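Colleague: Quick one, what's the 3D model for this:
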Amino acid sequence: MSGYTIRAVVEQSIGNFWSESFGQIYPSLKRLTAEGMVQKKTERQKGRPDRNVFSLTEKGKERLQEWLTIPAVPSVPRNDLLLKLFFGVHVPVSVSRENVQALVREHEAALKRYDTISKEIVRDHRGSSQAPFWMMTVNYGRHYSQAMLMWGEETLKELDAIQKEEGMKGRRSKRS
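Modeller: So this is what the prediction gives:
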């Protein structure tokens, strides 16, 4: 594949849980070529710039298999929403509420996307040895989004209670 095609495939296949920019892809391809992990073939195109197509070498396939056997390292996520909620006392509750509502909308849309992806896998890849593994990643996304929706609804109720309590305090202080 070309670097451009790799980016498109990443976006379409694993883009829900992994992303790569052209700024990451092209230097990696250059390094992998230098290490003998991939082979570059230049294709001439009529009326367009030459196209570099990269293929995994045997050495690259072996390294990929080695990498797949290494246990995954957990990472600490950077979550902008949680950081903003943590400091939520410094803004009106409505600001936090809007942020959580955006998360809810995002995960509702994600669930629809995962349903579409699942149907495509079943329809287009039935019997493929890769399909069960692809479905595992889709199901992770589905479960994650369902959990985020539950958390979002719970958090909205808590924010509503805080907002109600603040409203009660405001009325009490006006009476005094």
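
Colleague: Poorly predicted segments of this structure, please.
Modeller: For the chain, applying pLDDT under 70 flags the ranges 170-176.

Colleague: And the strands in it?
Modeller: For the chain, strands defined by DSSP state E occupy the ranges 38-45, 48-56.

Colleague: Tell me which of these sits nearest to residue 147.
Modeller: Closest to residue 147 of the strands of the chain is strand 48-56 (C-beta to C-beta; 35.6 Å). The C-beta positions use only the backbone N, C-alpha and C, and glycine is treated the same way.

Colleague: before we move on, back to that, a markdown table for the strands of the chain, including distance to residue 107 and mean neighbour count?
Modeller: As requested, those are exported to a markdown table (distance: least, C-beta to C-beta, whole Å; neighbours: other C-beta atoms under 10 Å):
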| stretch | distance to residue 107 | mean neighbour count |
| --- | --- | --- |
| strand 38-45 | 36 | 11 |
| strand 48-56 | 35 | 13 |
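
Colleague: Which residues does stretch 117-129 contact?
Modeller: 16, 131, 134, 135, 138, 142 (C-beta atoms under 8 Å, 6 or more residues apart in numbering).

Colleague: and the third one, how far is that from residue 71?
Modeller: The span separating residue 134 from residue 71 equals 21 Å under the rule C-beta to C-beta, to the nearest Å.

Colleague: neighbour-wise, which of those two wins?
Modeller: Neighbours were counted for residue 134 and for residue 71 using other C-beta atoms under 10 Å; residue 134 has more, 17 against 5.

Colleague: any idea how far the more buried one is from residue 17?
Modeller: 12 Å.

Colleague: likewise residue 25?
Modeller: On the measure of C-beta to C-beta, residue 25 and residue 17 end up 17 Å apart.

Colleague: And residue 158, by the same measure?
Modeller: Relative to residue 17, and taking C-beta to C-beta, residue 158 is found at 28 Å.

Colleague: These two: which has the busier surroundings?
Modeller: Neighbour totals were compared for residue 158 and residue 17, and residue 158 leads with 13 against 10 (other C-beta under 10 Å).

Colleague: Of all the strands of the chain, which one is nearest residue 5?
Modeller: Of all the strands of the chain, strand 48-56 comes closest under C-beta to C-beta, at 8.3 Å.

Colleague: could you say what helices and strands that closest one packs with?
Modeller: helix 3-13, helix 22-34, strand 38-45 (3 or more C-beta pairs under 8 Å, 6 or more residues apart in numbering; DSSP states H and E).

Colleague: With distance to residue 55 added, can I get those in JSON lines?
Modeller: Converted to JSON lines, the helices and strands packed on strand 48-56 look like this (distance: least, C-beta to C-beta, whole Å):
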{"stretch": "helix 3-13", "distance to residue 55": "11"}
{"stretch": "helix 22-34", "distance to residue 55": "10"}
{"stretch": "strand 38-45", "distance to residue 55": "5"}
